[in-house]
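Participant: dropping the sequence and predicted coords here.
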Amino acid sequence: MVNGKPLDFEFLIPLTSSHFNFCRSLYTALINDYPKPILINWGKFPINESHSHLMRVKGIDEYLSRMQPDRYALIMDAFDVWYQLPYRDLISHFLELAEPVGYDIAVYGADKKCWPNEPSSPACFGIPQSTLPINSYGPWTDGRMPILNPSLIYNYNRPRWLNSGTVVGSVSVLREIYRRANESVHQTPGDSILPDQKYIADVYGQQDLNMTVDHKSVLFQTMTFSHNDVMFVHDDLFKYPRKAPSSRRMLALNKISATVPPILHFNGPRMDMDTWWPQMWWSRERDTPEVIEKSRSVFEAGGAFTVDGQFLSWNDLCGNANIHSPPPWKPEEA
């Protein structure tokens with residue numbers, strides 16, 4: 001609640017066509033009581049990779065411009081995001097983060113490496129330091145001491161840089177972010193357009209909007225260079241989440257910050273998703289009455305909307321996809 005009124009959120013996912021990994025993502029959102037998402041760019045097909053990046057930024061910008069500025073939005077990647085806690089927990093965590101600044105803020109996931117921006121750009125060096133302790137990874141934290149295997153150097157960085165694949169925030173701030181990013185994209189030669197992360201990180205580097213990154217994984221756990229930061233624990237060991245209906249549910253914990261993030265973002269190599277899926281509570285408990293009933297609700301009534309309001313059912317989007325089976329293609333094709 002803000003000023004006595006519930007926050008009004010819309011759940012946005014850029015997606016042109018369905019995919020097995022999207023079906024898994026959608027399933028995890030809907031069994032955790034997230035609203036049915038709105039699919040940005042559904043049915044539009046890019047002519048090349050640069051055009052795909054342009055479409056993503058333009059589509060989000062256009063949809064946000066239609067929303068009232070006093071509303072809120074979640075904008076999530078389609079293929080590599082899982083929702084491990086109920087929707088109410090994401091909102092309550094966001095309210096706690098946003099309260100000191102009056103809720104008019106956008107919070108992005110945090111990465112351990114600045115990419116794809118130039119290292120000398122403000123997006124890489126002109127942003128705040130992480131709020132995690134300086135010794136979070138021992139004397140090797142942030143490269144203060146050399147490590148034996150240089151290829152692992154980023155594993156010891158505190159998350160600090162913006163990752164654009166997960167964000168929650170007020171539309172008033174998000175509209176300005178994506179307006180600026182869209183302008184930058186359209187000023188870039190067509191064959192040189194990079195992923196949206198580049199342009200949104202540039203906006204963050206300007207440090208003149210109320211936007212931040214989730215240093216402590218209170219909302220989002222990014223996975224690139226961070227798999228060793230995560231372990232599975234029983235949910236009754238921590239303040240969050242609220243006690244699950246089933247006892248002692250297993251959840252992914254960030255052991256560096258001691259937080260249980262509502263959302264897991266498998267940016268980077270996706271083959272680890274197949275290792276993690278059987279560990280998640282919806283797999284472990286798939287034969288319990290509670291999860292059977294939730295799954296039935298997803299398959300019978302779940303789905304998503306297009307930006308024009310057309311409802312796409314679970315069957316329309318995912319058909320008979322068996323989300324608990326291994327994907328029907330090699331991980332590198334995902």
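Facilitator: Structure received. Nothing here was measured: the structure is a model prediction, and the numbers come from that model.
Participant: can you pull out the strands in the stretch 201-334 of the chain?
Facilitator: With DSSP state E, counting those that start in this stretch as the criterion, the stretch 201-334 of the chain has strands at 211-213, 220-222, 230-234, 250-254, 263-265, 303-306, 311-313.
Participant: looking at these, which is buried most?
Facilitator: strand 220-222 (a mean of 27; mean count of other CB atoms under 10 Å). Bear in mind the C-beta positions are built from the backbone N, C-alpha and C, glycine included.
Participant: pLDDT on that one, on average?
Facilitator: Across strand 220-222, pLDDT averages out at 97.
Participant: do the same with stretch 324-334
Facilitator: For stretch 324-334, the per-residue pLDDT averages 61.
Participant: can you pull out the low-pLDDT segments for the stretch 51-200 of the chain?
Facilitator: For the stretch 51-200 of the chain, not a single residue meets the criterion pLDDT under 70.
Participant: now do the strands in it.
Facilitator: 72-76, 81-83, 106-111, 136-139, 161-170.
Participant: residues making contact with the first one?
Facilitator: Among residues not part of strand 72-76, those counted as contacts by CB atoms under 8 Å, 6 or more residues apart in numbering are 7-14, 25, 37, 60, 64, 67, 90, 165-171, 174, 263.
Participant: just checking: what are the partner strands of that strand?
Facilitator: Note on strand 72-76: by DSSP bridges, its sheet partners are strand 9-14 (parallel), strand 161-170 (antiparallel).
Participant: try the second one
Facilitator: Sheet pairing of strand 81-83 (DSSP bridges) gives strand 263-265 (antiparallel).
Participant: buried sites along stretch 173-190?
Facilitator: 173-178, 180-182, 184-185, 188 (16 or more other CB atoms under 10 Å).
Participant: would CSV of those with distance to Met223 be doable?
Facilitator: As requested, those are exported to CSV (distance: CB to CB, whole Å):
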residue, distance to Met223
Val173, 26
Leu174, 24
Arg175, 29
Glu176, 29
Ile177, 23
Tyr178, 24
Arg180, 28
Ala181, 24
Asn182, 28
Ser184, 27
Val185, 26
Thr188, 28
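Participant: now, which of these lie within helices?
Facilitator: 173-178, 180-182, 184-185 (DSSP state H).
Participant: nearest to Ala110 among these?
Facilitator: The nearest member of those to Ala110, counting by CB to CB, is Ile177 at 16.0 Å.
Participant: now the helices for the chain?
Facilitator: 20-31, 49-66, 87-98, 122-125, 171-186, 196-206, 271-276, 281-284, 289-301, 314-318.
Participant: a markdown table please, covering these and showing distance to Thr212.
Facilitator: What follows is those, written out as a markdown table (distance: least, CB to CB, whole Å):
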| stretch | distance to Thr212 |
| --- | --- |
| helix 20-31 | 24 |
| helix 49-66 | 18 |
| helix 87-98 | 8 |
| helix 122-125 | 14 |
| helix 171-186 | 10 |
| helix 196-206 | 8 |
| helix 271-276 | 27 |
| helix 281-284 | 29 |
| helix 289-301 | 33 |
| helix 314-318 | 33 |
